[in-house]
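>>> I need the structure of the sequence given here:
(2 chains)
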Amino acid sequence: MAGRCVHHPGRPEAIKVGGKSYCSQCQTGQQNAAARVDRHVVPKPCFVWYRGANTWTAITGTGCAHWVAHAKSITHGTPTTRCLEGFTLRVPDLIRGKTQVAQADVRVGDIYANRGRDHCGMVSRVTARTGQPTQIEIEHDSSRQGGVSRNDFATYFHGQGDFFR
Amino acid sequence: MIPTLATRTGRVPPGDPVSRRGSSARALRATATLLLGVSLLLVGSGCERNVPENTVTLYLTGAQRQAETLDQRQEIQRALRDMLELPPEQLRDKRYANYQMEPGSWTAIDILERYYFPESPLTMLVPETFYRDVALPPAREAIQRHLDRITKDIEAETRAGAP
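Model (predicted):
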């Protein structure tokens, strides 16, 4: 049996997202809000918020933690600090409970968080080089570059930040 | 009116009827003062309930900054400084660079919404309340806290060798 909308219990379910039911008006609101999400954010349809009074808007802030959370299925945080599908939106929530790993032990798939904990990504390639430091490539949802990009840890990120597994 | 000792000198001998009237008056004054105080307290708490909270404070308290590059952080720093230093009518006209550092793209509201993630999605920034609230003390305190934090991060990043 179809459920009722979580925001409008008088209306029948038209769509289910993140295990929750929404009516057709909410569905339209979500789609309109998703169309206004900044171009760098991946994925876009769930990067929306219900702000009460039949209003759906794009989530504020950047999409770096959101992209990593989807990639690694991380759902830490409260309902208001997660996307429509239930994935984490904040960097500190993303690395909560993770173990920090030394730069020399970094592996593909480890989470990268910068020093100020206001940007993050994921290790996409590790290249050992004889007589030189290991080369680390970070894949991240980049607001500066307008989408998911791969950049060198030593040059683009100036070798700053920590890794978590 | 026949002048009495009390009205002539302002001093009343103990037991004088004027003294008893004075005591009653003092008691009345004390009661009135107490009632006035209680009334003011009640009116005050009622007013607090009716005055809308400062939207800038609500947005920034517990908000988490999300920025990728040093130049983005420096643009946020500029905007926060302007929020503290410029009168609202000048701040309304100011424009800042966007994520790609294209100048003149965003308002002060855009800067907060593009880089700060608030604690509650119910907190919205709209020009009608933002440019009124931004100049008020609670908002200035919240802005100053974020300015201090980002200034510290920029200094650390610059010291560590970022260009």
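
>>> Around chain B, pick out the residues from chain A.
Proximity of chain A to chain B is confined to A:38, A:40, A:49-52, A:57, A:59-62, A:64-65, A:80-81, A:89-92, A:115-116, A:118-119, A:140, A:142-144, A:146, A:158-160 under the rule C-beta under 8 Å from any C-beta of the partner chain. Any C-beta I mention is one placed from the backbone N, CA and C, and that applies to glycine too.

>>> Among the residues you listed, name the ones in strands.
A:Trp49, A:Tyr50, A:Thr57, A:His140, A:Ser142 (DSSP state E).

>>> could you dump these to a markdown table with pLDDT, neighbour count and distance to A:Ala154?
As requested, these are exported to a markdown table (pLDDT from 0 to 100; neighbours: other C-beta atoms under 10 Å in any protein chain shown; distance: C-beta to C-beta, whole Å):
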| residue | pLDDT | neighbour count | distance to A:Ala154 |
| --- | --- | --- | --- |
| A:Trp49 | 94 | 21 | 37 |
| A:Tyr50 | 95 | 19 | 42 |
| A:Thr57 | 95 | 17 | 38 |
| A:His140 | 98 | 25 | 15 |
| A:Ser142 | 98 | 24 | 17 |
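
>>> related to what we said a few turns ago, just the buried residues of the residues of chain A next to chain B.
A:38, A:40, A:49-51, A:57, A:59-62, A:64-65, A:81, A:89-92, A:115-116, A:118-119, A:140, A:142-144, A:158 (16 or more other C-beta atoms under 10 Å in any protein chain shown).

>>> Among those, name the ones in helices.
A:Cys64, A:Ala65, A:Val91, A:Pro92 (DSSP state H).

>>> Next up, the contacts around A:Lys20.
A:Val6 (C-beta atoms under 8 Å, 6 or more residues apart in numbering or on different chains).

>>> Output the longest helix belonging to chain A.
In chain A, taking DSSP H as the definition, the longest helix is helix A:24-34.

>>> can you count the residues close to A:Gln135?
Counted by other C-beta atoms under 10 Å in any protein chain shown, the residues lying close to A:Gln135 total 14.

>>> Wasn't it part of a strand?
Yes - counting by DSSP: H, G, I helix; E, B strand; the rest coil, A:Gln135 is found in a strand.

>>> who in chain B is up against chain A?
Residues of chain B lying near chain A by C-beta under 8 Å from any C-beta: B:64-69, B:72-73, B:99-101, B:112-122, B:124, B:153, B:156-157, B:160-163.

>>> now those residues: which count as buried?
B:64-69, B:72-73, B:99, B:112-121, B:124, B:153, B:157, B:162.

>>> which residues of chain B fall in strands?
Under the criterion DSSP E, chain B contains strands at B:64-65, B:116-117.

>>> And those strands: which comes nearest A:Ile15?
Closest of the strands of chain B to A:Ile15 is strand B:116-117, at 25.2 Å (criterion: C-beta to C-beta).
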